[in-house]
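**Student:** the sequence and its predicted three-dimensional model are supplied below.
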Amino acid sequence: MKKIALIVGIGLITYACAKVPLTGRSQLALVSSEEIQPLVNEQYDQVLKENKVVTSTADGQKVLKVGNRMAKAVEEYLRSSGYAELADDFSWEFNLIESDQVNAWCMPGGKVAFYTGIMPITESETGIAVVMGHEIAHAVAAHSRERMSNGLVANFGVGLLSSAIGQNPTLTQAIFLQSVGIGSELGMLSFSRKHETEADQLGLTFMAIAGYDPREAPIFWERMQAQSGGEAPPEFLSTHPDPSNRIKKLNEWMPEALEYYNK
């Protein structure tokens, strides 16, 4: 019986594989967007209720402006690249939250939050676009769905989200919070560095197609690296690739990004 279950499980995992748009990387996709989005909407609304939202400020309006500009460009790019169905899945929302945390995040469906602590490091709309592109890339690449799928396999075996909620709603909620990674206070697990590198690559393209100079990306990460001052890194860096390696990779991807920027 165990052998049969293993074979069935392997078959289901193989069947539930998807490919990340644009990069083509295979990923586990046991959880559908339709299943995870109600949880996302509930959690995003809760975050906004429990924190001071300052989107109406000058900085907040910059976040909103950059977010809307990039979302429009990314959706157009996805549709022109054969991902119209994916583009239709997004319901973008951009908010600035008052907090000293040097952090930003994007939940599935395009629910984005910046913390005021990261704004001085961005310095400009282009700096905001560096962060925005990275976060939007997480949503486009369905990294949260992939992390949640892996979490369900690890904790429940192969199964549906509804089944996991029925078995252990508390654990399922914890897996969800870890998968969307909205902050350590909500039990975030370390992001996969593979996901972070992928988000860097896609984010560089996304800011370029939106008309923001991608050459500002390595410069932003140099400022972010300097922010740590040899101490514990900001939340935004704590689970990410080594800053020097990240800057090196960004420069390697730069020629392709500049082709989009110069079109």
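**Tutor:** Yes, it's here. Quantities reported herein were computed from a predicted structural model and do not represent experimental measurements.

**Student:** what residues of the helix or strand where Glu198 lies count as buried?
**Tutor:** Taking DSSP states H and E as the criterion, Glu198 maps to helix 193-209. Residues of helix 193-209 classed as buried: 195-196, 198-209 (neighbour count, 16 or more other C-beta atoms under 10 Å). In this view, the C-beta of every residue, glycine as well, is placed from N, C-alpha and C.

**Student:** go on, stretch 26-38?
**Tutor:** Quick answer for stretch 26-38 (16+ other C-beta under 10 Å): Gln27, Leu28, Ala29, Leu30, Val31, Ile36, Gln37.

**Student:** over to stretch 77-87?
**Tutor:** Tyr77, Leu78, Tyr83, Leu86, Ala87.

**Student:** need the worst-confidence member of the buried residues of stretch 26-38.
**Tutor:** Ranked by pLDDT, the buried residues of stretch 26-38 bottom out at Ala29, which has 69.

**Student:** quick one: the helices in this structure?
**Tutor:** Ranges of helices in the chain, per DSSP state H, are 2-15, 33-50, 58-80, 84-87, 119-122, 125-140, 143-156, 161-167, 169-180, 193-209, 216-228, 243-261.

**Student:** tell me which residues are up against the fourth one.
**Tutor:** Taking C-beta atoms under 8 Å, 6 or more residues apart in numbering as the criterion, the residues outside helix 84-87 that touch it are Pro21, Val74, Glu75, Leu78, Arg79, Val140.

**Student:** sort those residues by pLDDT and name the bottom one.
**Tutor:** Comparing pLDDT over the contacts of helix 84-87, the lowest score belongs to Pro21 (74).

**Student:** would you confirm that that residue contacts Tyr83?
**Tutor:** Yes: with contact defined as C-beta atoms under 8 Å, Pro21 counts as touching Tyr83 (5.1 Å).

**Student:** who are the packing partners of the helix holding Glu198?
**Tutor:** helix 58-80, helix 125-140, helix 143-156, helix 216-228, helix 243-261 (3 or more C-beta pairs under 8 Å, 6 or more residues apart in numbering; DSSP states H and E).

**Student:** with distance to Thr116 as new columns, can those be given to me in TSV?
**Tutor:** Output for those, formatted as TSV (distance: least, C-beta to C-beta, whole Å):
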stretch	distance to Thr116
helix 58-80	7
helix 125-140	12
helix 143-156	24
helix 216-228	14
helix 243-261	22
